[in-house]
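K.L.:
sequence-free structure coming up:
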């Protein structure tokens, strides 16, 4: 069952990243399924921490990006979504390559959503697992 309530495409998603942190980290949306969004991010100098490994914060940026964007495409035009809480467990280090993040919903309620984001390496091994809680807000009409 398709969960998207707004027009969605890879072109739309990737266009929203221009001149943002997402663009700076070279995060690219690669797939939209009926109930998930997938993106990639390189593991290289600008996503490394000082020891030369993937920075946990970069993984969290990928996770929050995927979950937040997905949440916003699951609500109507009179609503928007913002992150409330995120946690991440970093289970495998990486020094180079590409990570793939996939966001899938756990809960899509009226006032909150919860998204699971798994980040894997190119061999489909888990690198980071994250859970993002989202607040669903109403767009305020100008007075």
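P.N.:
That came through fine. What you see is a predicted model; the values in this text were computed from it and never measured.

K.L.:
What is the neighbour count of the closest residue to residue 35 other than its chain neighbours?
P.N.:
Ranked by C-beta to C-beta, 6 or more residues apart in numbering and with sequence neighbours excluded, the top spatial neighbour of residue 35 is residue 3, at 5.4 Å. Every C-beta, even on glycine, is put in place using the N, C-alpha and C of the backbone. Neighbourhood size, residue 3 [other C-beta atoms under 10 Å]: 15.

K.L.:
hmm, who's touching stretch 71-79?
P.N.:
Applying C-beta atoms under 8 Å, 6 or more residues apart in numbering, the contact partners of stretch 71-79 are 3-6, 8, 37, 80-81, 105, 108, 113, 115, 132, 134, 136-139.

K.L.:
Angles on the backbone of the residue positioned nearest the centre of the chain, please.
P.N.:
Nearest to the geometric centre of the chain sits residue 66, at 1.4 Å (C-alpha atoms, centre = their mean). Residue 66 has phi and psi values of phi -60, psi -50 when expressed as degrees, to the nearest 10.

K.L.:
show me the residues around it that make contact.
P.N.:
Per C-beta under 8 Å, 6+ apart, neighbours of residue 66: 37, 38, 39, 101, 102, 103, 115, 117.

K.L.:
Filter the residues you listed down to the ones in strands?
P.N.:
Under the assignment DSSP state E, these contribute 37, 38, 39, 101, 102, 103, 115, 117 to strands.

K.L.:
who wins for most neighbours among these?
P.N.:
Counting by other C-beta under 10 Å, top hit in these: residue 115 with 29 neighbours.

K.L.:
can you pull the contacts of that residue?
P.N.:
66, 67, 70, 71, 103, 104, 105, 106, 131, 132, 134.

K.L.:
Now do the fifth one against residue 3, distance only.
P.N.:
Counting by C-beta to C-beta, to the nearest Å, the separation of residue 103 from residue 3 is 11 Å.

K.L.:
follow-up on the earlier one: are any of the contacts of stretch 71-79 buried, and if so which?
P.N.:
By neighbour count, with 16 or more other C-beta atoms under 10 Å, these hold 8, 37, 81, 105, 108, 113, 115, 132, 134, 136 as buried.
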